[in-house]
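The following comprises the amino acid sequence and a computationally predicted model.
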Amino acid sequence: MVQIGMGKNYVNFPIAEVSGKEMHLIGCFRYCFGDYRDAVELVASGKVNVKSLITHRFKFEDAAKAYDFNISHGAEVVKTIIQGPE
């Protein structure tokens, strides 16, 4: 299991099951110093194409449909954009 980001300060989980299955538990804070700078450089240099991460777009008036779509097609969705009202 990899924990990414922050959750509650105290979390209960079955330590005996984790030990018995010889699982590894690794924590990771969301970001480090320089991560945003590196991300901007990767996008600016063209090494990362962020436009390809937007997989679906919906008009503002179809926002409810967008949420329903994301729920029913979760495996296909990376990022859905709901365009602002006109």
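Everything's here; your move. Residues are numbered from 1 along each chain as shown.

List phi and psi for the residue nearest the centre of the chain.
Among the residues of the chain, the one closest to the centroid is residue 78, at 8.4 Å (CA atoms, centre = their mean). In terms of degrees, to the nearest 10, the main-chain angles of residue 78 are phi -110, psi -60.

Residue 82 too?
Note on residue 82: backbone dihedrals following degrees, to the nearest 10 are phi -110, psi 110.

again, but for residue 81
Dihedral angles (degrees, to the nearest 10) for residue 81: phi -100, psi 130.

Surely it touches residue 55?
No. In this structure, residue 81 is not within contact of residue 55 by CB atoms under 8 Å, at 9.2 Å. C-beta here means a position set from N, CA and C on the backbone, and glycine is covered the same way.

Output the lowest mean pLDDT helix or strand found in the chain.
Every helix and strand of the chain was ranked by mean pLDDT, DSSP states H and E. The lowest is strand 2-4, at a mean of 60.

ok, how many other residues are close to residue 69?
Here the count is done by other CB atoms under 10 Å, and residue 69 has 16 residues near it.

follow-up on the earlier one: next structured bit after the least confident helix or strand of the chain?
Using DSSP states H and E, the helix or strand that follows strand 2-4 towards the C-terminus is helix 15-20.
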